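Show me the folded form of this:
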Amino acid sequence: MDKELEYESVLKVLLLCVFTAGFYLFYKLFKLSSFTNSHSYSKISKVFMFSVSLMFLVSMLSLAWGVLHLPDTQIIKAHLPILPVSSILDIIWIVRVRNALNMAFRSSKHQGKLLHPLLTSAFHIVYIQYVLNKR
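Below you'll find the predicted structure:
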């Protein structure tokens with residue numbers, strides 16, 4: 001199995017995603033994107049990955065800044081438009097990784113997909129790691 005897809009405890013992935021406030025999610029998405037870029041014709045551009053990561057970072061920093069400066073709610077209110085944009089871009093990246101992994105492992109309609117769309121959307125990288133561990 002490729003180095004990018006080595007076995008990793010699902011509990012470890014979950015805890016790292018929680019305790020790093022989502023930063024580990026982006027690390028795993030970068031690794032999976034690198035794998036899919038080299039094993040699938042569906043490429044995820046580095047510009048896209050960088051842009052989504054930058055938006056996530058701006059979102060997290062503005063939220064943290066707003067929380068640190070409570071009870072002044074102006075910063076939190078200014079943060080609100082950034083959050084949905086960041087979340088939508090995150091979901092787009094996760095869906096693109098899921099689609100590329102399905103193509104990389106050549107899942108056909110007759111076999112069923114490697115990664116279920118609903119479960120991937122709900123549990124993101126934790127579900128992806130679970131499925132990869134089963135392979």
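
count of residues packed around the closest residue to His39 other than its chain neighbours?
Nearest residue to His39 in three dimensions, chain neighbours excluded: Ala104, at 4.1 Å (C-beta to C-beta, 6 or more residues apart in numbering). Glycine gets a C-beta too; all of them are placed from N, C-alpha and C. Counted by other C-beta atoms under 10 Å, the residues lying close to Ala104 total 20.

isn't Ala104 right next to Ser34, touching?
No - under the contact definition of C-beta atoms under 8 Å, Ala104 does not touch Ser34, with a separation of 11.5 Å.

ok, back up a step: so how far is Thr20 from the residue nearest to His39?
26 Å (C-beta to C-beta, to the nearest Å).

what does Ser42 give?
Here Ser42 is placed at a distance of 27 Å from Thr20 (C-beta to C-beta).

neighbour-wise, which of these two wins?
Shown here are Ser42 and Thr20; by other C-beta under 10 Å, Ser42 has more neighbours (15 against 12).

How about the contacts made by the more buried one?
By C-beta atoms under 8 Å, 6 or more residues apart in numbering, the contact list for Ser42 reads 36, 96, 99-100, 103.

That one and Ile76, how far apart?
As judged by C-beta to C-beta, Ser42 and Ile76 stand 38 Å apart.

got it, and His39?
42 Å.

can you pull out the strands in the protein?
Taking DSSP state E as the criterion, the chain contains no strands.

where does it have its least confident helix or strand?
Considering only helices and strands, the least confidently modelled element of the chain by mean pLDDT, DSSP states H and E is helix 74-79, at a mean of 79.

Just give the number of residues close to the residue lying closest to His124 once chain neighbours are set aside.
Leaving out its chain neighbours, the residue that sits closest to His124 by C-beta to C-beta, 6+ apart is Ile94, at 5.5 Å. A count of nearby residues for Ile94, using other C-beta under 10 Å, gives 21.

hang on, the earlier thing: going by neighbour count, which residues of the least confident helix or strand of the chain are buried?
Taking 16 or more other C-beta atoms under 10 Å as the neighbour-count basis, helix 74-79 is seen to contain the buried residues 75-76, 79.
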